[in-house]
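> with the input below, show me the fold.
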Amino acid sequence: MLKRLAGILIVLCVPILLILGSVRLVMTPLFLQTEYTRPGFPQDVYGFTTQDRLNYGPAAIEYMLTDADITLLRDLDFGRTGAFYTERELEHMVDVKKVTQAAFSVLTVALAIFAAALVILRRDGKALRGALMQGAIFTLAAIVAVVFAAVVAWDFFFTLFHQVFFSEGTWIFLYSDTLIRLYPEQFWFDAALTIGVLTVGGALVLFAGMVWLGRGVARRAETV
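Numbers count the residues shown, from 1 in each chain. As a prediction, this is how the structure comes out:
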């Protein structure tokens, strides 16, 4: 019974670990740099240069991933009259940080549960491989559905995501607002696709690895 429960927990934890792990990989200055400097990325018609985006874009990532409070963003100085971010934008970033920290708390809990389940199944290689393979398949099914929805109906997907996690009207901004200028819609589309690709890649590697290990075990059994 305990082994069966451990197997179910592994199946459920695998997609959480792969998806949120991919989200964490995207939330890096390296991804920002790749986006801002790639050919075809939308230019800011209100004056931000690529270097401006490289200078100020990472501040939001630092705010979300550290213990820094909102003054980190409020105190940004672009050398112009007026605040870098409006109060409405700052309030939204506070909400974003709450969602981000909640998501990574889920990731931490899932990792702990996953590790405990691995310990329980460590002596039952067949059950462990089966659970990991099922987790990979579950992940692939989920992420393919999400990526399909994002590609086919991006506006609906983007709106639905924000309606689920944020209060009505708190996430809609002007094109002239800093958040839109630093992170235009194309940025979020690319981020969603990147998360999808990383997750699918991880799931495929996991599945293939379990198949390879299973065949190796079978070959060794035949030679005994």
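
> helices along the protein, start to end?
Using DSSP state H, the helices of the chain run over 2-26, 29-37, 50-65, 71-74, 87-120, 125-152, 154-165, 178-182, 185-223.

> so which of those helices comes closest to Gln43?
The closest of these to Gln43 is helix 50-65. By Cβ to Cβ, the value is 8.3 Å. C-beta here means a position set from N, CA and C on the backbone, and glycine is covered the same way.

> show me what the closest one is packed against.
helix 29-37, helix 71-74, helix 87-120, helix 178-182 (3 or more Cβ pairs under 8 Å, 6 or more residues apart in numbering; DSSP states H and E).

> as JSON lines, those with distance to Pro15 and mean neighbour count would be great.
Shown next, in JSON lines, are the helices and strands packed on helix 50-65 (distance: least, Cβ to Cβ, whole Å; neighbours: other Cβ atoms under 10 Å):
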{"stretch": "helix 29-37", "distance to Pro15": "21", "mean neighbour count": "15"}
{"stretch": "helix 71-74", "distance to Pro15": "32", "mean neighbour count": "15"}
{"stretch": "helix 87-120", "distance to Pro15": "9", "mean neighbour count": "15"}
{"stretch": "helix 178-182", "distance to Pro15": "29", "mean neighbour count": "20"}
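
> shaky segments in the chain?
For the chain, the stretches flagged by pLDDT under 70 are 79-82, 216-224.

> switch the cut-off to 80
Low-confidence segments of the chain (pLDDT under 80): 77-83, 147, 149-151, 167-170, 214-224.

> looking at it, Val94 is touching Ile70, isn't it?
Yes. Val94 is within contact range of Ile70, at 5.7 Å (criterion: Cβ atoms under 8 Å).

> now for the residue lying closest to Glu185 once chain neighbours are set aside, how many residues are close by?
Using Cβ to Cβ, 6 or more residues apart in numbering and skipping the chain neighbours, the partner closest in space to Glu185 is Phe158 (7.2 Å). Per other Cβ atoms under 10 Å, the neighbour tally for Phe158 reads 16.

> same question for Thr170.
Using other Cβ under 10 Å, the number of residues around Thr170 comes to 12.

> hmm, Asp95 and it touching each other?
Yes. At 6.5 Å, Thr170 counts as touching Asp95 under the criterion of Cβ under 8 Å.

> apart from its neighbours in sequence, what residue is nearest Ala192?
Closest residue in space to Ala192, ignoring its immediate chain neighbours: Ala150 at 4.9 Å, by Cβ to Cβ, 6+ apart.

> against Phe161, how distant is that neighbour?
9 Å (Cβ to Cβ, to the nearest Å).

> these two: which is more packed in?
When neighbours are counted by other Cβ under 10 Å, Ala150 and Phe161 differ, and Ala150 comes out ahead with 19 against 15.

> need the contact list for the more buried one.
By Cβ atoms under 8 Å, 6 or more residues apart in numbering, Ala150 lies in contact with 157-158, 189, 192-193, 196.
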